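>>> Below is the sequence, then the predicted model.
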Amino acid sequence: MKKVTYEITEENAIIFIKSLLSLIEEEKNQEKEKFLTIEELSELIGYKKTSIYGLVQKNKIPYHKKGKLFFLKSEIITWLKEGKKSSPSDIQKKAEEYLFKNSII
């Protein structure tokens, strides 16, 4: 059997690393655009299925219905982030920025 050796140059290593990072990013984007069933969503966010059905009925959660309910993962992540409550320090900071921007202080 013939032994094959490869020379790894810095340039080739950089190209290889960039390719890997690109593949990882592409995989993350595909995962975000994945449609979830109600069972998968329940597991992802820790809500019971009955709670999710209630949110759907009240139109409080983004969903898609094609015979069955589906949830786009990227929309759910955005929905969860929008539910963040501001802390008192966040509110204070926003107030100071507003006052400074409008030359009140």
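Noted; the coordinates are in hand. This one's a predicted model, so the numbers in the text were calculated from it and none came from an experiment.
>>> So which elements touch the helix or strand bottoming out on mean pLDDT in the chain?
Every helix and strand in the chain was compared by mean pLDDT, DSSP states H and E; the lowest is helix 10-32, with a mean of 76. Applying 3 or more Cβ pairs under 8 Å, 6 or more residues apart in numbering; DSSP states H and E, we find helix 10-32 packed against helix 73-82. C-beta here means a position set from N, CA and C on the backbone, and glycine is covered the same way.
>>> For the helix it packs on, buried residues please.
Neighbour counts using 16 or more other Cβ atoms under 10 Å place 73, 75-76, 79 of helix 73-82 among the buried residues.
>>> and the angle from the least confident helix or strand of the chain to helix 73-82?
Here helix 10-32 points in a direction 80 degrees away from that of helix 73-82 (axes from the mean of the first three to the mean of the last three Cα atoms, to 10 degrees).
>>> residues in contact with the next helix or strand after helix 10-32?
Using DSSP states H and E, the helix or strand that follows helix 10-32 in sequence is strand 35-36. Strand 35-36 has contacts (Cβ atoms under 8 Å, 6 or more residues apart in numbering) with 44, 64, 70-73, 76.
>>> List the strands paired with strand 35-36, with their directions.
Strand 35-36 has its sheet partners listed here by DSSP bridges as strand 68-72 (antiparallel).
>>> What mean pLDDT does the partner strand get?
In this model, strand 68-72 has a mean pLDDT of 94.
>>> same thing with stretch 47-63?
95.
>>> buried stuff in that stretch?
47, 52, 56, 61, 63.
>>> quick one on the thing from earlier: what residues does the least confident helix or strand of the chain touch?
With contacts defined as Cβ under 8 Å, 6+ apart, helix 10-32 is touched by 73-74, 77.
>>> mind redoing it with 10 Å?
Helix 10-32 is touched from outside by 6, 8-9, 72-78, with contacts defined as Cβ atoms under 10 Å, 6 or more residues apart in numbering.
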